[in-house]
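K.L.:
A structural model of the following input is requested.
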Amino acid sequence: MKVSQQTKKTKFNLTLTLIVNLFKLNVLWIAFTLLGTIVAGIYPATISALTISRKWLLTKDYSVTTKEFSSLFKKEFKQSNLFGLMFSVAGGILLLNFILLSQLTVSVPIIVPIAFYILLFFFITTLIWFFPLYVHRDNKFFKQLKNAFVIGILKVPITMLQCVSLFLLLYISLALPTMFLFFTFAIISTLWMKWTLKGILSIKFN
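P.N.:
Have a look, this model is predicted:
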């Protein structure tokens, strides 16, 4: 009985610690994103959050400090913004194409919208896997890009699960706006890394 009560107490303390640190991680993500005036802050803040989420998942050390987050943010600032710029440009081009397609007054061959949505799927798939993979493995940009695309295609169920999870979390957060301030981005980061690790750790890399 004592062992059972001790186990329950340990699990409760662990859960409470995780909740508190999810809150701290969320606040740090928002603060450092704003510190980088959003545009220059969102990518290094996201990489920092993913790095901490990876530590939590692999070591069960559910801790995060401002000093730790700040150090990661500074370390990844240039590199993550460079990668983020590339994805932003690619996403901007796809958005521009979507706007142009939607405003066309003449009919286009069916292959055109099909090709667009295939490209969009490839882009989202690569984006979803690239940043967690960047955190987990050290590779050159184009190799990382190739690995992200290949793994995303090989692990389509996980890719789709990531998309659905993100959509549901954002949908719930829109209904409960306070979640954005307290937990949304930290939960996204942790689930994003959790499902990505599930896919990555089952694959042998060269």
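K.L.:
Quick check: chain neighbours aside, which residue is closest to Phe149?
P.N.:
In space, and not counting its chain neighbours, Phe149 is closest to Thr126: 4.7 Å by Cβ to Cβ, 6 or more residues apart in numbering. Yep, even glycine has a C-beta here, placed from its N, CA and C like the rest.
K.L.:
Specify the local secondary structure of that neighbour.
P.N.:
Under the three-state scheme (DSSP: H, G, I helix; E, B strand; the rest coil), Thr126 adopts helix.
K.L.:
Touching, it and Val150? I think so.
P.N.:
No: judged on Cβ atoms under 8 Å, Thr126 makes no contact with Val150 at a distance of 9.5 Å.
K.L.:
Looking at these two, which one has more neighbours?
P.N.:
Using other Cβ atoms under 10 Å as the criterion, Thr126 and Val150 rank with Thr126 on top: 23 against 14.
K.L.:
Can you give me the end-to-end span of stretch 94-111?
P.N.:
The first and last residues of stretch 94-111 sit 16 Å apart, counting by Cα to Cα, to the nearest Å.
K.L.:
what does that stretch rub up against?
P.N.:
Contacts to stretch 94-111, defined as Cβ atoms under 8 Å, 6 or more residues apart in numbering, come from residues Val112, Pro113, Phe116, Leu119, Leu120, Phe123.
K.L.:
Ok, stretch 10-30 next?
P.N.:
Under Cβ under 8 Å, 6+ apart, the answer for stretch 10-30 is 45-46, 48-49, 52-53, 56, 62-64, 66, 69, 181-187, 189-190.
K.L.:
And that stretch, how far out from the chain middle?
P.N.:
From the chain centre to the centre of stretch 10-30 is a distance of 18 Å (Cα atoms, centre = their mean, to the nearest Å).
K.L.:
Tell me the buried residues in that stretch?
P.N.:
For stretch 10-30, a neighbour-count test (16 or more other Cβ atoms under 10 Å) marks Asn21, Leu22, Lys24, Leu25, Asn26, Val27, Leu28, Trp29, Ile30 as buried.
K.L.:
now, the most widely separated pair of these?
P.N.:
Asn21 and Ile30 (14.9 Å; Cβ to Cβ).
K.L.:
buried set for stretch 35-47?
P.N.:
Gly36, Ala40, Gly41, Ile42, Tyr43, Pro44, Ala45, Thr46, Ile47.
K.L.:
Read off the pLDDT value for Thr159.
P.N.:
For Thr159, the model assigns a pLDDT of 94.
K.L.:
what about it, is that helix, strand or coil?
P.N.:
helix.
K.L.:
what sits against it?
P.N.:
Each residue near Thr159 by Cβ under 8 Å, 6+ apart is listed here: Thr125, Ile128, Trp129, Gly152, Ile153.
K.L.:
how many neighbours does the last one have?
P.N.:
Put plainly, it is Ile153. Neighbours around Ile153, by other Cβ under 10 Å: 14.
K.L.:
Having no further points to raise, I will conclude here.
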